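J.: below is the sequence, then the predicted model.
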Amino acid sequence: MTPYLIDDTDYRILQYLIEDSTLSHKDIGEYVHMTGQAVGARIRRMRELEIIEGYTVRWNPLKIGQSIHAFITVFLSSNAAHPPFQKFALNHSSVVELHRVSGEGCYWMRVRTGDQAELNGFLDELLEYGNYRINLGMKQLK
């Protein structure tokens, strides 16, 4: 059995959805030379296979006052700190992404806040679980 669950046409459909998830099945069908109904069936199959997990939007955080973009490496103080830290991070509205990593640190987080004071408050809360190293985003290129 092949390790790949989709063919080239599915992959092209997926790429169009990644670029613009608002495209209609009919519009995608025109790009891949299929009917909208056939495209819809392929998309449903990819959702059932959990290749497509959901849909999202691109947005501009600066337009809603989230001007601080921080990348934080978290160093937990003990093994027992993992479950409470994960709960904290998963439920905190400032945490945009959370990754458990190997190598340096235990977790990498991407955090957005409105200002320096809000970021400092977040970092103070984070100290309950361990230490951290922070890098501030200067400009998003991609």
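T.: Received it, and whenever you're ready, just let me know what you need.
J.: next up, the contacts around the spatially most central residue of the chain.
T.: Against the mean C-alpha coordinate of the chain, by C-alpha atoms, centre = their mean, the closest residue is Glu97 at 5.6 Å. Glu97 makes contact with 108-110, according to C-beta atoms under 8 Å, 6 or more residues apart in numbering. Where C-beta positions appear, they are placed from N, C-alpha and C, glycine not excepted.
J.: can you check Tyr11 too?
T.: By C-beta under 8 Å, 6+ apart, no residues touch Tyr11.
J.: list the buried ones in the strand or helix carrying it?
T.: Using DSSP states H and E, Tyr11 sits in helix 8-19. By neighbour count with 16 or more other C-beta atoms under 10 Å, helix 8-19 contains the buried residues 10, 12-14, 17.
J.: so what's Asn60 scoring on pLDDT?
T.: Looking at Asn60, its pLDDT is 87.
J.: can you report how many residues neighbour it?
T.: Here the number of neighbours of Asn60 (other C-beta atoms under 10 Å) works out to 7.
J.: start to end distance for stretch 44-63?
T.: End-to-end distance for stretch 44-63, by C-alpha to C-alpha, to the nearest Å: 34 Å.
J.: how far does it sit from the chain's center?
T.: Put simply, stretch 44-63 sits 9 Å off its chain's centre (C-alpha atoms, centre = their mean, to the nearest Å).
J.: re earlier: so what's the gap between the helix holding Tyr11 and the chain middle?
T.: Its chain's C-alpha centre and that of helix 8-19 lie 19 Å apart, by C-alpha atoms, centre = their mean.
J.: just the angle for the next helix or strand after that helix relative to helix 8-19, thanks.
T.: Per DSSP H and E, the first helix or strand lying C-terminal to helix 8-19 is helix 25-32. Here the directions of helix 25-32 and helix 8-19 differ by 120 degrees (axes from the mean of the first three to the mean of the last three C-alpha atoms, to 10 degrees).
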